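*Asks:* Show me how the following folds:
(one chain, ligands or ions: 2)
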Amino acid sequence: MRAEILAASPDAVVRAAALLRAGQVVGLPTETVYGLAGNALDPDAVARIFSVKERPTFDPLIVHVAPLGIGLQPLAEAGLIDLGAIDLATRDLAERLLARFWPGPLTVVLPRGPRVPDLVTSGLPGVALRMPAHPVAQALIREAGVPLAAPSANRFGRISPTTALHVQSELGERIALILDGGACAVGVESTVLALDAGRATLLRPGGVPRAELEVVAGFTLGAAPPPGAASASPGMLASHYAPRKPMHLLDQALARGLHSGTFAGALPATIGVLAQEGDAQAHARALEQALGCRVRVEVLSPTGALDEAARRLFAAMRALDASDAEVLFAEPVRATLGLGPAIADRLRRACVR
Ligand code: TXA
Ligand code: MG
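*Replies:* Numbers count the residues shown, from 1 in each chain. Ligands and ions are numbered 1, 2, ... in the order given. So this is what the prediction gives:
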């Protein structure tokens, strides 16, 4: 089997929805990254997602819903959340966040409802919910008539896919169909927020910047517990998004060292550098002169624009991974605002320690 990539026409959406209703899984475009989608209410389909991805079942899945009316009430009616288990302050906070950021790259964790299979939440009391903004994702959820569980469509621990071709190269031998909705506009996964007792905890930085959430919440978001802590989001593993080749995160000093030739002679014949900004050719020439080895450079954004950097991040990592470079280096992200923290988080987890 080799997954067929279908441009997301209405006919293609109908075909994909039929596969989903039959318990199969398909590649799904969203505005953040491509997902591997299955019927969230069907435990067998959910089990198939875990096995296709080789994902450990302690790492729960996000349930994707189509626009179905305002706020929490429709989610409760669909059996996805338990309104009775949500206090008023949390409900008010959730309603305000969803009104502002749905559809879009925000995932909220709320007490799960009776129709959510155990496997979706890995047995946790909360379910992660997101309403994607991508029109193809919305169309497919509507046509399938069920919410879709969808992790990023990469093999476990690998680089997330931002095009249909990336999905084919990750999972092409294991699934039948990938809907092609173009390159993802955001490029990093959704921000994951746990909502409880009127508070919000940032479990994963992502497509909605922290500052925008805090304006709506009216308070500072709680920090996620460290990976491994009992209350940590189980999927937030220290190693993730990783290329096959070793990639090292440069701190500011090491980045300067690389550019000034400190490591000349200590490097393999060809290295790859993931640069935050500037001109790739100019970077490569300067580094080759300083280091005396061949240097392949991918630039995230020539002008240093964070939105563009996020959009290009995973594709740039893939390109370096596929190049002849033997070892990869990533320059640090300086920005602490906007999508800077989401990019820094992905780079940290992608790099060997
Ligand atoms: O942008 C996205 O969120 C993409 C697209 C496809 O929608 N999906 C995605 O899914 O990134 P995934 O499975 O790669 O990451 C989901 C993460 C989990 O690893 C976990 O950290 C958190 O969301 N999560 C999911 N369900 C949870 C739950 N019930 N409680 C706490 N954290 C949860
Ligand atoms: Mg993922």
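*Asks:* where does the closest residue to ligand 1 within the stretch 251-353 of the chain fall, helix, sheet strand or coil?
*Replies:* Using CB to the nearest ligand atom, the closest approach of the stretch 251-353 of the chain to ligand 1 is made by Ala342 at 10.4 Å. C-betas here are computed from N, CA, C, even on glycine. Here Ala342 is helix, with the state taken from DSSP: H, G, I helix; E, B strand; the rest coil.
*Asks:* just Val14 next, same as before
*Replies:* Following three-state DSSP, the label given to Val14 is helix.
*Asks:* just to revisit the earlier point, and the residue of the stretch 251-353 of the chain closest to ligand 1, what does it touch?
*Replies:* Applying CB atoms under 8 Å, 6 or more residues apart in numbering, we find Ala342 in contact with 188-189, 191, 205-207, 209, 310.
*Asks:* Can you flag which of these belong to helices?
*Replies:* Ala310 (DSSP state H).
*Asks:* sorry, back to before: distance of the residue of the stretch 251-353 of the chain closest to ligand 1 relative to Ala264?
*Replies:* 34 Å (CB to CB, to the nearest Å).
*Asks:* Same check on Thr191?
*Replies:* 41 Å.
*Asks:* So for these two, which sits in the more crowded spot?
*Replies:* Using other CB atoms under 10 Å, the more surrounded residue of Thr191 and Ala264 is Thr191, with 28 against 13.
*Asks:* Kindly provide the distance from the more buried one to Arg112.
*Replies:* In this view, Thr191 and Arg112 are 20 Å apart by CB to CB.
*Asks:* Equivalent analysis for Gly261, please.
*Replies:* From Gly261 to Arg112 the distance is 55 Å (CB to CB).
*Asks:* More neighbours: the two, which one.
*Replies:* Using other CB under 10 Å, the more surrounded residue of Gly261 and Arg112 is Arg112, with 24 against 14.
*Asks:* Mind listing what's buried along the lowest-mean-pLDDT helix or strand in the chain?
*Replies:* Counting by mean pLDDT, DSSP states H and E, the weakest-scoring helix or strand in the chain turns out to be helix 252-260, with a mean of 81. Buried positions in helix 252-260, judged by neighbour count with 16 or more other CB atoms under 10 Å: 254-255, 258-259.
*Asks:* any idea how far stretch 325-341 is from the chain center?
*Replies:* Distance, stretch centre to chain centre, for stretch 325-341: 16 Å (CA atoms, centre = their mean, to the nearest Å).
*Asks:* start to end distance for it?
*Replies:* End-to-end distance for stretch 325-341, by CA to CA, to the nearest Å: 27 Å.
*Asks:* ditto for stretch 322-338
*Replies:* 29 Å.
*Asks:* buried stuff in that stretch?
*Replies:* Across stretch 322-338, burial judged by 16+ other CB under 10 Å covers 323, 325, 327-331, 333, 338.
*Asks:* ok, now which ones touch the residue nearest the centre of the chain?
*Replies:* When CA atoms, centre = their mean is applied to the chain, the residue found nearest the centroid is Glu189 (2.6 Å). Listed by CB under 8 Å, 6+ apart, the contact set of Glu189 reads 32-33, 105, 152, 160, 204, 206-207, 342.
*Asks:* For the residues you listed, give me TSV that also has pLDDT.
*Replies:* Formatted as TSV, the contacts of Glu189 follow (pLDDT from 0 to 100):
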residue	pLDDT
Thr32	98
Val33	98
Pro105	98
Ser152	98
Ser160	98
Arg204	95
Gly206	98
Gly207	98
Ala342	97
